[in-house]
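1. predicted model and sequence below, questions to follow.
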Amino acid sequence: MTMSSKMILSLLLAALVFNRATQPADGAVYQQIQLFECKQSSTHNDAKCVRAIDGNTNQDYHAGSCTHTATPQSWWQARAERLTHFKQIRIYNRMDCCSERLDYFSIYIDGHLSAAYRGEPFSHNTFNVDRVGEVLRIQSHRDSAFSLCEVQVFGEVVSLPAIGERLAFDSCSQSSTSAEGVCDRAIDGSTKQDYSYKSCSHTNQERGWWQGHLTKTSEVTHVRIYNRLDCCSERLSDFAVLIDGHECASYRSEPSSFFSVLTLPCEGAGQTIKIVNRRPTSLTLCEVQAFGKVKEDISLPSKQLRFNSCSQSSTTSGGDCKRAFDGIRKQDYHAGSCTHTESAHNNWWQGQMRQAAFVTQVRIYNRLDCCSDRLNDFSISVGGHECASYRSDGYFSARTFECHAYGQVVHIDSHKAVPLTLCEVEVFGSDQPRK
């Protein structure tokens, strides 16, 4: 017996004892939650899904207020307008005939089995559940069509917790785009979770990714993701979240289950948030929100030293060495402000200052539209003396290196056999004459 079968059997046994319960043991009374955006596996004789949420509890099919599917193993589904703590589900059965069709079924909330029933036909029944989500599905296990005359939900609307300052994105990218689902839809401020509202991103069917760029380097604490709910919600069931290339959170669930809104603790400092799908399916995100605190402006010496010439090991794709000190900090290569060497071992870039100086810090801006992990193994030298180095499995957006040395030439050596790309190099210190 599979784990899923065991879960259903367990719930069915519990249902046989408790299926007559109409309120929790503590006597609590919950508010009724409005359902909308329903659908069902099939429709017979124009008995549409909306009849089960029309507010009419008449249980005679001919009164025009009961649904009717046309196929066996049928299902009916609707969603709450907001994230809800489901407490009770009340179902009104058809009573003019055929009530036995509704005697073997399961109730799912956001794909999670939450209640089950197998027993005698009933007129109406209230099932106690305890699950947070948005999507309610009633799945029949009989080889016949079924009808619902009304479905009512009782519970509490969930207020998403305040978890710090909301961080702003200024750009994004993704592995591919399908069905016009551009990456910007995931940061457009709309939390609508129906794809038809044109507010959800969409990649091709692949182990794809989505990446957002924050306006400022930040201390991130949480990432909140709004899933697509009109269909295909289970696609977002196995993924990782990275900040500047370092994994800070991951999520994995059974492929048949899903979430509506998920808030993940995700601590890290950086400027890029990347969501990597670990399933070979389309990645769809209806909204991505990041929370934390913008890092205070990095304290740098007041004196910025200027380059007047440069050179590099090679040049390709128009990535001239001068782009690294043009005063532009844009980190998208297509903005025309990042260097680029050929792919080779031990690539290097160097800039020459107007005169020899005491260098205290070197700040490097990495490329972020792609390939950021190329710049994760290198060293910095001033006047021929190595003063700083960096090696990591991830990458950084912008980083300041303590680099105390005296000289006129700043040299950056890559230790990888990949192109070397620098979007800006800034040097700080003092150019007072050496005594």
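-> Happy to help now that I have it. Numbering: from 1, shown residues only.

2. Ile369 - how many residues pack around it?
-> Let me fix one detail, which is that residue 369 is Asp and not Ile. Neighbourhood size, Asp369 [other CB atoms under 10 Å]: 18. All C-beta atoms are positioned from the backbone trio N, CA, C, and that covers glycine.

3. give me every residue that touches it.
-> Taking CB atoms under 8 Å, 6 or more residues apart in numbering, we find Asp369 in contact with Ser173, Gln331, Asp332, Tyr333, His334.

4. excluding residues flanking it in the chain, which one is nearest the third one?
-> Leaving aside its sequence neighbours, Asp332 sits nearest to Asp369 (CB to CB, 6 or more residues apart in numbering; 4.2 Å).

5. ok so, going back, what about the contacts of Asp369, which are in helices?
-> Among the contacts of Asp369, no member falls in helices (DSSP state H).

6. mind giving me TSV with those and columns for pLDDT?
-> Listed next are the contacts of Asp369 as TSV, based on pLDDT from 0 to 100:
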residue	pLDDT
Ser173	89
Gln331	89
Asp332	88
Tyr333	93
His334	92
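
7. okay, and the beta partners of Thr84?
-> Beta-bridge pairing of Thr84 under DSSP bridges involves Gly133, Val157.

8. so who does Ala344 touch?
-> Contact partners of Ala344, counting by CB under 8 Å, 6+ apart, are Ser313, Ser314, Ala417.

9. sec struct for it, please.
-> coil (DSSP: H, G, I helix; E, B strand; the rest coil).

10. residues in contact with the nearest residue to Asn347 once chain neighbours are set aside?
-> Excluding the flanking residues, the one nearest Asn347 by CB to CB, 6+ apart is Leu420, at 3.9 Å. Shown in contact with Leu420 (CB under 8 Å, 6+ apart): 312-313, 339-341, 347-349, 374-375, 378, 412, 414.

11. highest neighbour count among those residues?
-> Thr339 (29 neighbours).

12. can you give me the strands for the stretch 101-250 of the chain?
-> Using DSSP state E, counting those that start in this stretch, the strands of the stretch 101-250 of the chain run over residues 104-109, 112-118, 124-140, 150-157, 165-167, 169-174, 209-226, 238-243, 246-252.

13. do the stretch 301-435 of the chain as well
-> According to DSSP E, counting those that start in this stretch, the stretch 301-435 of the chain carries its strands in the segments 304-305, 307-312, 348-365, 377-382, 385-391, 398-414, 424-430.

14. and the contacts of Asp369, which are buried?
-> Buried subset of those (neighbour count, 16 or more other CB atoms under 10 Å): Ser173, Gln331, Asp332, Tyr333.

15. okay, these in a markdown table with distance to Phe86 next?
-> Formatted as a markdown table, these follow (distance: CB to CB, whole Å):
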| residue | distance to Phe86 |
| --- | --- |
| Ser173 | 37 |
| Gln331 | 44 |
| Asp332 | 44 |
| Tyr333 | 48 |
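
16. ok so, going back, ok, of the contacts of Leu420, which one's closest to Phe258?
-> Nearest to Phe258 among these, counting by CB to CB, is Arg374 at 35.1 Å.

17. the nearest residue to that closest one once chain neighbours are set aside: neighbour count?
-> Here the nearest residue to Arg374 in space, its sequence neighbours aside, is Val418; by CB to CB, 6+ apart that works out to 4.4 Å. By other CB under 10 Å, 18 other residues sit near Val418.

18. please apply the same query to Gln31.
-> Using other CB under 10 Å, Gln31 has 12 neighbouring residues.

19. got the phi/psi numbers for it?
-> Dihedral pair for Gln31: phi -80, psi 150, per degrees, to the nearest 10.
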